[in-house]
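Asks: mind folding the following:
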Amino acid sequence: METKKQLGNRMYIVMLLVPLFWGGSFSTAEHVVTEIPPLVAATLRFGLAGAILLLYFSLKSEWDFYALRKRWKGLLLVSLTGIFGYNALFFLALDDTSAINGSLIIATMPMFVTVGAILFLKETWSSNLGISLLLSLVGVIIVITKGSFDVLLSLTLNKGDLLFMAALACGVLYSLLGKSVMKDISPLFATTMMTVIGSIFLAISSLFTGGWDAVPRLSTQGWIEMFYMVICGTLVGYMIFNTGVEKMGASKASLYLNLTPIVTTLISVFLYSSPMSWKQTIGMGMVLIGVFIATTNTKSKALQREM
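Replies: Got it, this is the predicted structure:
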């Protein structure tokens, strides 16, 4: 039988699937939204995932109505922030600003989550955590900007950037609230409720933008990419991340988000023949070292308390 320490160490490895699947979802979503509107795509993604999860719980008869009655307010809040708010604002922002601007804004999420976790969740600050945050943030910026200071200097704020900042706030709230909300609920059941509730609000918002008539014309490639996002990016990705927040704490779990741009870049290089500079390689190395420093500090007081 595995000890708590062994289970905790395994969680650090399993969490690597989150940036792998979310990075892949970002790449596939870039093509899907060229065929159907962003909010329609987001509704399909989370709506299909929610339907699969509801079918699973109905067949298994494993509904936890007691936990639902006890935590419904928290579940509603994380659904509005982590599923509806983050995704709706993220996609809408892309209409008014560049992906580089948005990526740089979202890249600060682990830093804000860590500060919030220390202030409000009483997670412990350590020098290792500070070093890992700094290395990861600088590394992500290098990857996104391809090591060009000219790109950084040319950035200007506009309406889209403000929407990205709002999406950032939603992501931070979701990460911080997740641990307390899932205190008495299994990660699978929490993921189910979040996905279903979030998809309902996404569906309502998509009615105002229109574009559902384009769904029947979605190509075979588009449907394959959609089901990848449903299964890997949503069902598996969110469940693992929710489990990570519960087991590891919000600050350590959020650090894995810094690996997402690396996965996206590598997919673009190997599948779409995009060029990659030596500066981006250095940036990737910095992110990996940063995450390694934080997640191998198993003797810290914070990890001992969580385990």
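
Asks: in stretch 221-236, what counts as buried?
Replies: Under the neighbour-count criterion of 16 or more other C-beta atoms under 10 Å, stretch 221-236 has 222, 225, 226, 227, 228, 229, 230, 232, 233, 234, 235, 236 buried. For the C-beta atoms, the positions are set from N, CA and C on the backbone; glycine is no exception.

Asks: right, I mislabeled it, should have said stretch 66-75
Replies: Using 16+ other C-beta under 10 Å as the test for burial, stretch 66-75 gives 67, 71, 74, 75.

Asks: for the third one, list the residues it contacts.
Replies: Shown here is residue 74, whose contacts under the criterion C-beta atoms under 8 Å, 6 or more residues apart in numbering are 177, 180, 181.

Asks: how many neighbours does the second one have?
Replies: The burial metric for residue 180, expressed as a neighbour count using other C-beta atoms under 10 Å, is 16.

Asks: all helices of the stretch 151-300 of the chain, in order?
Replies: Assigned by DSSP state H, counting those that start in this stretch, the stretch 151-300 of the chain shows helices spanning 159-181, 187-209, 220-228, 237-248, 250-255, 260-272, 278-295.

Asks: okay, and the helix or strand of the chain with the least pLDDT?
Replies: Here the helix or strand of the chain ranked lowest by mean pLDDT, DSSP states H and E is helix 301-306, holding a mean of 42.

Asks: follow-up on the earlier one: now, among the contacts of residue 74, which is nearest to residue 106?
Replies: Nearest to residue 106 among these, counting by C-beta to C-beta, is residue 177 at 18.0 Å.

Asks: right, and that closest one touches residue 77 too?
Replies: Yes: with contact defined as C-beta atoms under 8 Å, residue 177 reaches residue 77; the gap is 6.1 Å.

Asks: who has more neighbours out of those two?
Replies: Per other C-beta under 10 Å, whichever of residue 177 and residue 77 has more neighbours is residue 177, with 21 against 18.

Asks: gap between the more buried one and residue 129?
Replies: Residue 177 sits 21 Å away from residue 129, going by C-beta to C-beta, to the nearest Å.

Asks: what of residue 107?
Replies: Separation of residue 107 from residue 129 (C-beta to C-beta) stands at 17 Å.

Asks: likewise for residue 58?
Replies: Taking C-beta to C-beta, one finds residue 58 at 42 Å from residue 129.

Asks: with neighbour numbers in mind, choose between these two.
Replies: Higher neighbour count among residue 58 and residue 129: residue 129, with 23 against 10, using other C-beta under 10 Å.

Asks: cool, thanks, signing off.
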